[in-house]
Every structure is written in structure tokens, then in C-alpha cells.
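1. Sequence first, then the predicted structure, then my questions.
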Protein chains: 2
Amino acid sequence: MRVASPDIDRVFAAFADHTRRDIVRRAISGKEGVLELASHYPMSFAAVQKHVAVLERAGLITKQRVGRRKVVRTNMDRLFVARRLLDQYEEVWRARIDRINELIAERPGTIGTKEPDR
Amino acid sequence: MRVASPDIDRVFAAFADHTRRDIVRRAISGKEGVLELASHYPMSFAAVQKHVAVLERAGLITKQRVGRRKVVRTNMDRLFVARRLLDQYEEVWRARIDRINELIAERPGTIGTKEPDR
DNA sequence: AACTGATGCAACCATACAGTTGTATCAACG
DNA sequence: CGTTGATACAACTGTATGGTTGCATCAGTT
């Protein structure tokens, strides 16, 4: 699944707030409406609703009508997209470590050899 | 390793920009100075320097004097902290799925049983 | 000590976010 | 079909981001 860079931007920006991270966590259960969510936080309902809107724009949650509420549910796929991106950094890092180990294996006894700092 | 919420905020905020994500990727190698990094992007040196400052405040990179440059290096530990946090959401999610499966196993034949929407 | 490569920082502009209060929409229920 | 529970949106404030240009600092090199 290809995700454009501005989308990724929005996902990480959405995570850059403690309240929003908590909303994502709560919405994994997919049981609460916006008003119920708002009751957990020391701010106005409108503020929480704006947080929900940010999360929705980032694709991290969806809303569905149930009765007269709109139930908020976390979109796990989007969460996995973000995690996958962080994984890629680790892959690059591990590849580099492996490469260093190869070099050490190929040319033993050269540790500490002085090279100019350019 | 305990990381305070404002720190987490800064880490994710730092990731919410394509240029900064690319700087983190490049700095895994830990070879380039700020000026060299800046040469890769279509913006002023000062702009890149500010991005580097944001990453540094987030603890995602460190700088070290080498010759007359300051070499930028990614702090993989911080990266892992962010990934670990995303992992936790997945853990919550999987725990919930497991719980659902348990319920299905315990009470077979109740799928589709109508419950009021509260 | 002077030069200069490399980085840091301040001031400024436009845009976006986090919060507030107030008003408007909208659909379920009696 | 009117009431009301629940959500959405608009306007405003303070603060942060992302970019610019210009100047200041700091440490190698000569």
C-alpha cells in the first residue's frame, strides 16, 4: 500500500500530541462516541472534537453512526503504516552494522588505523 | 527507559516532516556535516539547520565535532522508543482480538444476536 | 593573528495548531 | 413533527512551524 509523503506527515503530526495518542488507544476498542471520549480529558468538548478531526484527516480513525452517537474506531492499517516506516530506519541501520562487520572480517587487525578527517 | 510525554511529542513532531525524515535516514551513516546535508535539499542552509535543531531537541540526532565540521549522527535508541510506542498499540489491539476469539469459543452460536445500541 | 570554512542565531512573514465560547446542523426518539 | 442528544463548525487568541535573509560566532588552517 503506497502512502504519499503528505499523508505520512499528517500521521506523525497526529501522534505528536498526548491527548490524540490516548484517543487512538481508546478507540481501538471502538466503543465510545466523541462526547464519551471528551469526558476523559480536562478540556472542552470542542477541543476534543478538533483532535478527533485531526486524527480523522490523518486516516488514523474513522467514525460510524451507531444510534444517535458516532462511534470512533482506530484504523489499525494506518498505524501499521507508521510503524513500518520506522522499521525501515532500523533495516538501514542493521544493514550498515552488517556491512561494518563484513569489513572487520575481511581486514582483520586494522582497527584503530588512523584516517585523516578529510 | 522512561520517556516523558513532552519528549514523545517532540519525537513524533520531528517525524512529521519529509525533509527531517530524510535527514534521519542519511544521518544513520553518521558521515555528513550540516552543510553537506543541506546540499541535498532545495532550501536554504539555514532552513536545513533549523530542521537539524528540531531533530536535536527531539533527541533523534546528535552532533559531534570532526575536523572543522559537526557530523550529524542518528540516535537509534530514540528511534526505537518511538517504534516501541507504536508496538504498544498493536499489543492492545491483538489482546482485544484474542479476547473476542475467546468469547466466540466460549459461547458458540451467538453470532448475530441482537443487542440494543444503548 | 588573520583568514575562512562551518555552524549558530535573530528578525521577519505566512501558515497551522491548541485551546476557548458560541452557534448551527442533524438524526433518533417520543 | 417537535424536542433534544450528539456532533459539527465558525471566530478569535496565543503559540509553534517552515521558510527566508543577514549577521555573529567559533575553531582550523596558514
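-> Right, received. Where do you want to start? None of these values were measured; they are calculated from a predicted model.
2. all helices for chain A, in order.
-> Applying DSSP state H to chain A gives helices spanning A:5-15, A:18-27, A:34-38, A:45-57, A:76-106.
3. tell me which parts of chain A are close to chain B?
-> Neighbours of chain B within chain A, by C-beta under 8 Å from any C-beta of the partner chain: A:5, A:8-13, A:15-18, A:21, A:24-25, A:28-29, A:66-67, A:74, A:76, A:79-80, A:82-83, A:85-87, A:89-90, A:92-93, A:96, A:117-118. Where you see a C-beta, it was placed from the backbone N, CA and C, and this is true even at glycine.
4. Quick check: ChimeraX command selecting the buried ones in these.
-> ChimeraX command restricting the residues of chain A next to chain B to the buried ones, with burial defined by 16 or more other C-beta atoms under 10 Å in any protein chain shown:
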select /A:8,9,10,11,12,13,15,16,17,21,24,28,74,76,79,80,82,83,85,86,89,92,93
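5. Contacting DNA strand C as well, which ones from the residues of chain A next to chain B?
-> Near DNA strand C, judged by C-beta under 7 Å from any atom of the strand, the entries from the residues of chain A next to chain B are A:A13, A:A16, A:D17, A:G67.
6. Neighbours of the closest residue to A:V48 other than its chain neighbours, how many?
-> Spatially, and ignoring its direct neighbours in sequence, A:V48 is nearest to A:A38 (3.9 Å; C-beta to C-beta, 6 or more residues apart in numbering or on different chains). Neighbour count for A:A38, taken as other C-beta atoms under 10 Å in any protein chain shown: 19.
7. wouldn't A:A38 be in contact with A:H51 here?
-> No: if you go by C-beta atoms under 8 Å, A:A38 and A:H51 don't touch, sitting 9.2 Å apart.
8. Give me the common contacts of the two.
-> Shared contacts of A:A38 and A:H51 (C-beta atoms under 8 Å, 6 or more residues apart in numbering or on different chains): none.
9. about what we covered before: of all the ones next to DNA strand C among the residues of chain A next to chain B, which two lie farthest apart?
-> With C-beta to C-beta as the measure, no two of those lie farther apart than A:A16 and A:G67, at 32.8 Å.
10. Kindly check the end-to-end length of stretch A:30-41 for me.
-> Chord length of stretch A:30-41, first to last residue, is 18 Å (C-alpha to C-alpha, to the nearest Å).
11. what about it, distance to the chain center?
-> What separates the centre of stretch A:30-41 from the centre of its chain is 21 Å, taken as C-alpha atoms, centre = their mean, to the nearest Å.
12. do it and DNA strand D meet at all?
-> Yes: using C-beta under 7 Å from any atom of the strand, stretch A:30-41 reaches DNA strand D at A:G33, A:V34, A:L35, A:E36.
13. Would you convert the residues you listed into JSON lines that also reports pLDDT?
-> Output for the residues of stretch A:30-41 next to DNA strand D, formatted as JSON lines (pLDDT from 0 to 100):
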{"residue": "A:G33", "pLDDT": "95"}
{"residue": "A:V34", "pLDDT": "95"}
{"residue": "A:L35", "pLDDT": "95"}
{"residue": "A:E36", "pLDDT": "95"}
